[in-house]
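Trainee: Here you go, sequence then predicted model.
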Amino acid sequence: MDAASAPVVTVAADPAVGLTAAEVAERVAAGRTNAFTADTSRSVWNIVRANVFTLFNGIIFACFFVLFVLGRWQDALFGLAAFANSVIGCVQEFRAKAALDRLALLNAPRARLRREGEEIELAPAEIVLDDILVLRAGDQVPADAVVVDTRALQIDESMLTGESDAIDKRPGDDALSGSIVVSGEGSARVTRVGADSYANKFAGEAKRFSLVASEVRGSVNRVLKFMSWIIAPVGLLVLNAQMVVAGGWVQAWNDGGWVQAVVNTIASLTAMIPLGLVLMSSIAFAVGAAKLAGKQVLVNELPAVEGLARVDVICLDKTGTLTAGEIVFDALHEMGPAGPGADAVLAWYGSAPDANATARCLREPFPVVTVLRPEAYIPFSSARKWSAVSFGTAQPGTWVLGAPEMVFGDDAVDPATELGQVVTGLASSGRRTLVVAHSDAALSDADVEEERLPDGVTAVAVVTFREQVRPDAARTLAYFGEQGVGIRVISGDNPRTVAAIAREVGLDVTDGYDARKLPEDDVELGEVLEQHTVFGRVTPEQKKRMVVALQARGHVVAMTGDGVNDALAIKTADIGIAMNSGAAATKAVARLVLLDGQFSHLPDVVAEGRQVIANIERVSMLFLTKTAYATGLALLFGALLLEFPFLPRQLSITDGLTIGIPAFFLALLPNKQRYVPGFLKRSLAFAIPAGVIIAVALTLYTLGAKQLGVDEPGLRTGSTIILAIVGIWVLAVLSRPITRLKALVIGAMFVALVGVFTVPLLTEFFQLVDPGEEAAYLVALVTVLTIAAIELVRFIHRRYVARALAAAGV
């Protein structure tokens, strides 16, 4: 029997005490810990599989093996290039993984436990079976547990079960790992740990790193899928043509001519496969993520680098995003003789174990003088936005602390009422407002059960708080405005307060929209979101609905936040962004985490994403042009029964020096081009006509060379010269405007080509010969005409792209 399955005596530890050190050690020795290897980034196996074990790598290495068996190792250079591609791709992703894993480890959430009567914080992996969890609002449950005591504990399991409403938890109820505590507090005994826990078994919604939508990945996959469908029939067409050229199937098999036919077919097939496009996409994502990690931005999935560049609406939570999140007590505005009762109640709220950031601000101005013990309590929740407590005879009646509008409705925002006049005036100055209210009636069990206030609640005082606006917020919002990204400020605070903060950071708004008046119909909600910028008194469920409504109108939505009330919306958004200072539950579902909480990093993320997309669009035109002309050559030479005009080793020259090596540099160059959807369509608009022109040109050259009586080695050399020069020209065309660095790369590739065609050792290896004077004139003519046609294609393509960008408003 192994350690993990060794029996452990289960004890019902006193929830007030928890396990002893000896009991913890016993469980650790038996392997009953919460240790579980989660995917904080792509696993090593996934990286290797994505870069090595692919369909096209399989074809490449099969062809490589065949050439070795045939003794034509010189023509197997493409196999070495494919191997190098896989190694480079793995190394780059391993480096990115190492950087991201280090950051994830340093910023991992902590779990709150009770052991030997002491409350401690540990890494979730250190939890053992039967541990007592201490759960408070904002926590993510780290292991499956059963609730043992509760004070109005509510847990949101929507990301696990799909249940949209928070669930009241009572002793004996299950608390599933991965769920979020939205209000109240309680204790729970751990019942399942590690791989046995619900969230770790759950393979769908609860998994932290589900695939983010990626146009780059989707477009590359569509190209690969199309090529996988046609490569087999095209290969058979080419093989048949090569066997016919060799004298027919029977003669070629008998006299050994089939060997050259197979080599020619392999040359055709390997040229069709856009292997480098996958590599460049992986490298661009990995390098982008590693660069952002250096700027304290944790990327939970590499294509999320691209994601923010595609965003056209960003929804911001005010607190912790536009403001620094450090709330400070401002003043107590009495509505009448509050007496010492209000001070004592505020002191209790500030010192309560489940006090949120706002309530904790009350500790210094209202120190505890008299210890109050609640007899009935309704804890604060983001949806309800108020809390109520009864202390029995110590403080008769019920005391309420919450958002004025949520306690007193429209009276709290009506300037005609005394409360409304005070609240609207204070909120318009940008201060957060809470109301202290009192009822002579104490909370009944039914009130607590149904989360309702007793009758006769009257306002006692208004408490105000101040927030410091982030110094970088105005500049960051101005950047998004210049880039055409819509801004929506969504907050649980008073709409006037939110609007005042929005004006302070440069947004042109008058008043905020009160989310209590949002329509229930999603279509109408989308229209409201198009017309308004600032929203206050928004509940967590409304935040999620707002994101969905914007997505339904065709927007790519980012959502930022730091509180547990933002978690649902962050999970639903196309790109969720969390502040590292936020709730563990919020960071767990975000695509990006700003580790130092600096909102000003978002332009860096946008710039990195744009660089990735724009550069991949550029290099994709190189690779897709090659795929287009290789497919065109295969079809033309297969249909016309012509011998393929290249050896595999000769195609390695053009692949490496006009596409592969320069694409590596182009994929990593700075590029600030605005994102516009449809990059694959724009890339194919150049690649297909350019590829057709090159394929037709090489076919005409082959037919002309045969008419001139040029032998096969001379014909192949002429084809290689044409393809090399045209390839360099296509590289130069797609690199415009030519910068000093681009000129250096293109110049180096040209010098290398000259060396290949002039150095005797290289010409002998690549079987390059003098094609003769007449063939040289034909090569020159075909090359010039092809270049002219490529320039015409690029001219038309640039006009097409310009119209597409203009239509997109760029």
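Mentor: Cool, the structure landed.

Trainee: so which helix or strand takes in E23?
Mentor: Per DSSP states H and E, E23 falls inside helix 21-29.

Trainee: what about the next helix or strand after that helix, average pLDDT?
Mentor: For helix 21-29, the following helix or strand on the C-terminal side (DSSP H and E) is helix 44-51. Helix 44-51 carries an average pLDDT of 77.

Trainee: counting contacts, what elements does helix 44-51 pack onto?
Mentor: With contacts taken as 3 or more Cβ pairs under 8 Å, 6 or more residues apart in numbering; DSSP states H and E, helix 44-51 sits against helix 77-106, helix 275-294. No exception for glycine: its C-beta is placed from N, CA and C like everyone else's.

Trainee: Check which residues of it are buried.
Mentor: 47-48, 50-51 (16 or more other Cβ atoms under 10 Å).

Trainee: So which residues of the stretch 651-800 of the chain form helices?
Mentor: 661-666, 679-707, 712-735, 740-758, 760-765, 773-807 (DSSP state H, counting those that start in this stretch).

Trainee: So for L550, which of the ones you listed sits nearest?
Mentor: With distances scored as Cβ to Cβ, the stretch of the helices of the stretch 651-800 of the chain nearest to L550 is helix 773-807 (21.3 Å).

Trainee: Taking helix 679-707 as reference, get the angle to that closest one.
Mentor: Relative orientation of helix 773-807 versus helix 679-707 (axes from the mean of the first three to the mean of the last three Cα atoms, to 10 degrees): 170 degrees.

Trainee: in helix 773-807, what counts as buried?
Mentor: For helix 773-807, a neighbour-count test (16+ other Cβ under 10 Å) marks 775, 778-779, 782-783, 786-787, 789-790, 793-794, 797, 801, 804 as buried.

Trainee: That helix vs helix 712-735, what angle?
Mentor: 30 degrees.

Trainee: average pLDDT for helix 773-807?
Mentor: 90.

Trainee: What is it packed up against?
Mentor: Contacts defined by 3+ Cβ pairs under 8 Å, 6+ apart place helix 773-807 against helix 679-707, helix 712-735.

Trainee: out of the ones you listed, which comes closest to Q251?
Mentor: So among the helices and strands packed on helix 773-807, helix 712-735 is nearest, using Cβ to Cβ, at 17.4 Å.

Trainee: and the nearest residue to A573 once chain neighbours are set aside, what element?
Mentor: Distances taken as Cβ to Cβ, 6 or more residues apart in numbering put M559 closest to A573, at 3.7 Å, once the chain neighbours are dropped. Assignment of secondary structure by DSSP H and E places M559 within strand 557-561.

Trainee: Which two among the buried residues of helix 44-51 are spaced furthest apart?
Mentor: Taking Cβ to Cβ as the measure, the buried residues of helix 44-51 have their most distant pair in V48 and A50, spaced 7.5 Å apart.

Trainee: what about the closest residue to D196 other than its chain neighbours, neighbour count?
Mentor: Nearest-residue entry for D196: D144, 7.6 Å, with adjacent residues in sequence omitted and distances by Cβ to Cβ, 6+ apart. Using other Cβ atoms under 10 Å, the number of residues around D144 comes to 23.

Trainee: do the same with the one 4 residues further on
Mentor: Per other Cβ under 10 Å, the neighbour tally for V148 reads 18.

Trainee: any idea how far G678 is from it?
Mentor: V148 sits at a distance of 56 Å from G678 (criterion: Cβ to Cβ, to the nearest Å).

Trainee: Please name the bridge partners of the residue nearest to A573.
Mentor: Beta-bridge pairing of M559 under DSSP bridges involves C315, G576.

Trainee: Can you verify my assumption that it contacts L568?
Mentor: No. Counting by Cβ atoms under 8 Å, M559 stays clear of L568, with 9.5 Å between them.

Trainee: what do the two both touch?
Mentor: In terms of Cβ atoms under 8 Å, 6 or more residues apart in numbering, M559 and L568 are both contacted by the residues K543.

Trainee: More neighbours: which of these two?
Mentor: Remark: of M559 and L568, M559 carries more neighbours, 32 against 29, as counted by other Cβ under 10 Å.

Trainee: which residues touch that one?
Mentor: Listed by Cβ under 8 Å, 6+ apart, the contact set of M559 reads 314-315, 317, 543, 547, 566, 569-570, 572-573, 575-577.

Trainee: Sweet, I'm off.
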